[in-house]
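**Student:** return a 3D structure for these sequence lines:
(2 chains)
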Amino acid sequence: MTTWSRGACRAAEKVTKGQDVGFLPGDTARHHRAVILDLLQEALTEAGLTSQEIDCIAYTKGPGMGAPLVSVAVVARTVAQLWNKPLLGVNHCIGHIEMGRLITGATSPTVLYVSGGNTQVIAYSERRYRIFGETIDIAVGNCLDRFARVLKISNDPSPGYNIEQMAKRGKKLVELPYTVKGMDVSFSGILSFIEDAAQRMLATGECTPEDLCFSLQETVFAMLVEITERAMAHCGSQEALIVGGVGCNLRLQEMMETMCQERGARLFATDERFCIDNGAMIAQAGWEMFRAGHRTPLSDSGITQRYRTDEVEVTWRD
Amino acid sequence: MARRSLAPYVQRPRGLVQKELSVNGSALAIRWTAEDPVFFRISVNAFLDQLSLVMRNIRGFGSPPMRSLGRGKRTDT
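**Tutor:** Model (predicted):
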């Protein structure tokens, strides 16, 4: 199991706290290298396990930032050799899906995967997690984070959380670009509009920062609900599952719940313990892969920054 | 062991800098080929960071098992 990823992510927040930037690959990798071995020992101690009781070593093969992925993969390969355990390279997106399925009990949902790095609508079909729709430019979480930077909203605890709190106090819906192209969405236009118009609108009193937060959420979340509903209609699906860091947002969950109710479908969502990137989700997906007979040879254990969700053959599901 | 941990990191050709790893007895040898000294320095620094991590990992978590490595074999019976 790879509980070190969870602790590393929480600790990584400290890397960016107080700064006006997101996660930088070099800083994040440096942090991971500094803490990973202590975190690994801490995980074993907390679980009360020895290396002999570990079944396999699961690590994130991708997608993601290259330098941090390399730092963790190097340790995974080393402990796999030290302890003579099989190695499993896990797709990060599938980690989210498998953790969501485990925690919520959803059987075969249409998945809305929304985070700072990914925005996809996914459904399982014939041994693959098929991508039915996705962003054609930036992820929705990236849009929210960069919007927060324009308005100088704090990173503490996270820009998305602060936007959500401010949005609750918004009173006016400002019309923003709404861009759905078939099954796909685009967020770069909204961001460009905000970067161009926000300061002027605030200076003239046309709206407040809270109004902009409210308007941004209503717009981007409506786009996500639309493409998810379209996928559900296409698949005849009666379940929807939200995963990824942006899935913590209660307004998004509320809008998705409304759509599901109107369709007679059921919504599944988790809380921040499992929405946000964590090591347990990689362990869960790795466990499924291990039981199905997957193994990652050392020679094939390199990381890849662009690892598509549908590249993995899902042999652990019917 | 260190070479196996680091080999996938160096296998992908990175254009301006090439690396080759080999083992000679108990020594790990790395050969860099680069035209630009700046990229060479960046590559060396990054590699040494990873090598340091591997060495700390090996020192901290024990020696490799005496018997030959078997894929998927459990140490308990």
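
**Student:** what about A:F193, neighbour count?
**Tutor:** Using other CB atoms under 10 Å in any protein chain shown, A:F193 has 15 neighbouring residues. The way it works is simple: take the backbone N, C-alpha and C, and place the C-beta from them, glycine included.

**Student:** pLDDT value on it, please?
**Tutor:** According to the predicted model, the pLDDT of A:F193 comes to 93.

**Student:** biggest helix in chain A, by residue count?
**Tutor:** The single longest helix within chain A, with elements called by DSSP state H, is helix A:209-235.

**Student:** and the very next helix or strand once past it, what does it pack against?
**Tutor:** The first helix or strand that comes after helix A:209-235 along the chain, using DSSP states H and E, is strand A:239-243. Identification of packing neighbours for strand A:239-243 by 3 or more CB pairs under 8 Å, 6 or more residues apart in numbering or on different chains; DSSP states H and E yields helix A:92-104, strand A:110-114, helix A:250-263, strand A:266-269.

**Student:** name the residues that touch the second one?
**Tutor:** Going back to what we said before, that points to strand A:110-114. With CB atoms under 8 Å, 6 or more residues apart in numbering or on different chains as the test, strand A:110-114 has contacts from A:93, A:96-97, A:100, A:119-123, A:129, A:132, A:139-141, A:224, A:228, A:231-232, A:235, A:237, A:239-247, A:252, A:256, A:309.

**Student:** how big is the angle separating that strand from helix A:209-235?
**Tutor:** For the pair strand A:110-114 and helix A:209-235, the angle between their directions (axes from the mean of the first three to the mean of the last three CA atoms, to 10 degrees) equals 150 degrees.

**Student:** compute the inter-axis angle for strand A:110-114 and helix A:92-104.
**Tutor:** Angular relation of strand A:110-114 and helix A:92-104 on a 0 to 180 degree scale: 120 degrees, by the same axes, to 10 degrees.

**Student:** and the closest residue to chain A within chain B, what's its pLDDT?
**Tutor:** Shortest chain B-to-chain A distance, computed as CB to the nearest CB: residue-wise this is B:P8, at 3.6 Å. Each residue has a pLDDT score; the one for B:P8 is 74.

**Student:** so where is chain B shaky, pLDDT-wise?
**Tutor:** B:9-15, B:63-77 (pLDDT under 70).

**Student:** mind listing the helices for it?
**Tutor:** Secondary structure of chain B, counting by DSSP H: helices at B:2-11, B:37-61.
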